[in-house]
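J.: Pasted the sequence and its predicted model underneath.
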Amino acid sequence: MSLDQSPTIALTFPDGAVRAHPRGVTAMQVAAAISPSLAKKAISATVNGAHWDLAWPIDADATIAIHTMQDQPQALELIRHDLAHVMARAVQEIWPDVKVTIGPVIDNGWYYDFDRAEPFTPDDLGQIEARMRAIINARDPVRTEVWSRADAIAHYEGRGEPYKVELVQAIPDDGQPIRMYWHGDWQDLCRGPHLQHTGQLPSDGFKLMKVAGAYWRGDSSRPVLQRIYGVAFRSREDLKAYLNFLEEAEKRDHRRLGREMELFHFQEEAPGMVFWHPNGWSVYRALEDYMRRRLGVAGYKEIRTPQVVDRKLWEASGHWANYRENMFITEIDEEHANEKRVNALKPMNCPCHVQVFNQGLKSYRDLPLRLAEFGSCHRYEAHGALHGLMRVRGFTQDDAHIFCMESQIEAECAAFIGLLSSVYRDLGFVKFDIKLSTRPEVRAGSDETWDRAESALENAVRKVTNDYVVDPGEGAFYGPKLDFKLTDAIGREWQCGTFQCDFVLPERLGAEYVGPDGAKHRPVMLHRAILGSFERFIGILIENYAGKLPLWLAPRQVVVASIVSDADACVTDITARLRAAGLRAEADTRNEKINYKVREHSLGKVPVILAIGMREVEDGTASVRRLGESATETVAVDDLIDRLVAEATPPDLR
RNA sequence: GCUGCCGUAGCUCAGUGGUAGAGCACUCCCUUGGUAAGGGAGAGGUCGUGAGUUCAAUCCUCACCGGCAGCACCA
């Protein structure tokens, strides 16, 4: 032990001030030295960058910042964390035989997993919330103690808490403190930090949301626990804002809008497969036509490959060994087949694309060769994974594979990022994040190859932005990859685009080209997609726009509605002219009032409603009403058609 | 795939151990109405499927199918 330590340490505050304090001073004492009111309001500190409990001692010179509820990230972290404990305490007070496990902070709140024979009911949640409020109102002081491993294990064994025993045992025995956290006479294992007392929690800023089963430690071979989710914010207002956000998300649910807008449906006989209706298919085709043009301009060649392929190809590609559980396997009915062959519906397009590449001898002069396919794929996804258009079993990707030399990866990647950002912008997404996933532990290819591929991707990204994250070890075994996550109108993130290097498949399927040296070489294969699957992307578009798609994507762009039946002929005529001009227009000459028609088409998210009464018939005009606006405008039909045609032009053709 | 909940008319949902109801939508009639629901009448379901318990099942039990939420999965 060092005996020549100075009895004081120097603490540096955010404003640059430096103050001397006794060695071992707590953050609470530091706050108190500044002012009694700060001491009262303080919730935690940041000491040398670490989130620090007010009660923990500081043993050396450090930078320090004292936090109050004004400091949102720290406040939310503490509130959610402590509420997890308060909830666990409330549950054990009500049901003493329930066993506690873990309760981490997550986005917007926390959860806590309990081992209990019966699941919690919604009534239980109300009861737990009430007990939590009582604990908060009791303003129980919080204190932490440092225990030895042996004591902690003995303690939990004595209390019959096997999960906690397992948790303590899992803490590496490297001298890090094992902290016990107490409020009142209830106690939990926790690394902290925590609030001063339970009274600092917002008694009306949280809500228990739902109950779900969850595996202990996420392992599907281990017991299922009862998980309770809560959300928490600093105030009742923030909580309300969040609940409103959830309501907004619910209103945008593409499954509901898909029904209301008559876009698509699902049914039992084909779970996870979309039945596209005329309206939905119209959106699909507008998007596909757009992508086809963009890919063509970017130098891709479109191809089409089989959907049902003999298992031999899947064995060669490695899918039969690694992906078979997710594949739809077909067998030909023996009565009708001369030979019995086992086929599979393709879950991916890449092996077929290599077959196209392999036809004819390729020269380095052919590279890069960019083969695109709107490839219809099928994957047997687990029942529980299916979710509307977002997770389906039959889908179509905007897929393409670029066959190139290693030296071309960087340029191809840069061009791809440029294309992707332009496409996202056209589709209404202004923000997206990039993630670079690098070599995993188990991988194919030499370290030198990985070095070059990773830096090619990184260099390509850097040409566009320095704002990207690296996820070490998360690459595929066959090569590094970039993932692109876009942000929608209400702040949710969706991973859609991807760019993956593959050194393995060309090898497995024997792809080669003749180099300048006259010898045969392996091409690198780049898997890439911008939208991901059309199905899922359309789901994202619907939710992003809350159904109010931009005119060029809207299934019914214009509805022409008569106000009186004497205007019906004129409505039919205008509709025909709109269609002749290339617009998707419908006539509504039903025997209904204009109010009724306007309401119905507004709910159906039709962007433009034209109302035609006798005045319009006589003047050759139309009364134009835009979705979401109550004002109308009367415009000459000829001008209107020109205007709408211009507006309905896809962004790449403007 | 796992846990929990759910499955009644096209949609949203109510309901009962003795073979079912509402609102909207739909059809017809009246109404010709100027920008988010005009009025009236009518039609529509063997209550997800199969088995069991029972004198009797839409209702209770079990299995299966599908959906929802979460988990796991997303080579």
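T.: Everything's here; your move.
J.: List the residues that contact A:Gly49.
T.: A:Thr63 (CB atoms under 8 Å, 6 or more residues apart in numbering). All C-beta spots, glycine's among them, are computed from the backbone N, C-alpha and C.
J.: what about 6 Å?
T.: The contact partners of A:Gly49, taken as CB atoms under 6 Å, 6 or more residues apart in numbering, number zero.
J.: so where's the stretch 51-200 of chain A uncertain?
T.: Low-confidence segments of the stretch 51-200 of chain A, defined by pLDDT under 70: A:122.
J.: And what about the residue in it positioned nearest to RNA strand B, helix, strand or coil?
T.: Residue nearest to RNA strand B within the stretch 51-200 of chain A (CB to the nearest atom of the strand): A:Pro119, separated by 4.3 Å. In three-state terms, and counting by DSSP: H, G, I helix; E, B strand; the rest coil, A:Pro119 is coil.
J.: One more: A:Ala372?
T.: A:Ala372 ends up strand, using three-state DSSP.
J.: is it true that it touches A:Val297?
T.: No: if you go by CB atoms under 6 Å, A:Ala372 and A:Val297 don't touch, sitting 11.8 Å apart.
J.: Comparing the two, which residue is more hemmed in?
T.: A:Ala372 (25 against 10; other CB atoms under 10 Å).
J.: what residues are up against the more buried one?
T.: A:Leu295, A:Tyr300, A:Glu302, A:Ala400.
J.: in the sheet, who's paired with it?
T.: With DSSP bridges applied, the residues forming beta bridges to A:Ala372 are A:Glu302, A:Ala400.
J.: With RNA strand B as the reference, measure out to it.
T.: Separation of A:Ala372 from RNA strand B (CB to the nearest atom of the strand, to the nearest Å) stands at 18 Å.
J.: Same check on A:Ala646?
T.: Distance, A:Ala646 to RNA strand B, by CB to the nearest atom of the strand: 22 Å.
J.: and that residue, how many neighbours?
T.: 10.
J.: which parts of the stretch 451-600 of chain A sit against RNA strand B?
T.: A:476-478, A:562-566, A:591-596, A:598-599 (CB under 7 Å from any atom of the strand).
J.: To clarify, my last question referred to the stretch 151-300 of chain A.
T.: Residues of the stretch 151-300 of chain A lying close to RNA strand B by CB under 7 Å from any atom of the strand are A:210-215, A:218, A:220, A:224, A:227, A:255, A:259, A:266, A:268, A:271-272.
J.: Please point out which parts of stretch A:179-189 sit buried.
T.: In terms of neighbour count (16 or more other CB atoms under 10 Å), stretch A:179-189 has its buried residues at A:Arg179, A:Met180, A:Tyr181, A:Trp182, A:His183, A:Trp186, A:Gln187, A:Asp188, A:Leu189.
J.: Leaving out the residues flanking it, which one is nearest to the first one?
T.: In this case it means A:Arg179. Leaving out its chain neighbours, the residue that sits closest to A:Arg179 by CB to CB, 6 or more residues apart in numbering is A:Thr144, at 5.0 Å.
J.: A:Val165 - nearest residue in space that isn't next to it in sequence?
T.: Computed as CB to CB, 6+ apart, the closest residue to A:Val165 that is not its neighbour in sequence is A:Tyr156, at 4.6 Å.
J.: The one you found touches A:Lys164, doesn't it?
T.: Yes: counting by CB under 6 Å, A:Lys164 is a contact partner of A:Tyr156 at 4.1 Å.
J.: for chain A, which spans come out with low pLDDT?
T.: A:1-4, A:122, A:220-221, A:333-338.
J.: If we use 80, what do you get?
T.: Along chain A, the parts satisfying pLDDT under 80 run over A:1-5, A:117-123, A:172-177, A:184, A:192, A:211-215, A:217-224, A:331-340.
J.: Give me the longest helix you can find in it.
T.: In chain A, with assignment by DSSP state H, the single longest helix is helix A:72-94.
J.: any idea which helix or strand comes after that one?
T.: strand A:99-100 (DSSP states H and E).
J.: Quickly run through the sheet partners of that following strand, with directions.
T.: strand A:109-115 (antiparallel).
J.: residues making contact with the strand it pairs with?
T.: Taking CB under 6 Å, 6+ apart as the rule, strand A:109-115 contacts A:80, A:84, A:87-88, A:98-99, A:101-103, A:214, A:225-232.
J.: now swap in stretch A:85-95 and tell me
T.: Contacts of stretch A:85-95 (CB under 6 Å, 6+ apart): A:Val98, A:Val100, A:Gly103, A:Tyr112, A:Ile128, A:Arg131, A:Met132, A:Ile135, A:Trp186, A:Asp188.
J.: Out of those residues, which sit inside strands?
T.: A:Val100, A:Tyr112, A:Trp186, A:Asp188 (DSSP state E).
J.: Tell me the one of the residues you listed nearest A:Lys605?
T.: A:Tyr112 (40.8 Å; CB to CB).
J.: That closest one: neighbour count?
T.: Count around A:Tyr112 with other CB under 10 Å applied: 23.
J.: partner residues bridging it?
T.: Under the criterion used here (DSSP bridges), A:Tyr112 is bridged to A:Ile228.
J.: about what we covered before: in ChimeraX, how would I select just the buried ones from the contacts of strand A:109-115?
T.: With 16+ other CB under 10 Å as the criterion, this ChimeraX line picks the buried residues out of these:
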select /A:80,84,87,88,98,99,101,102,103,225,226,227,228,229,230,231,232
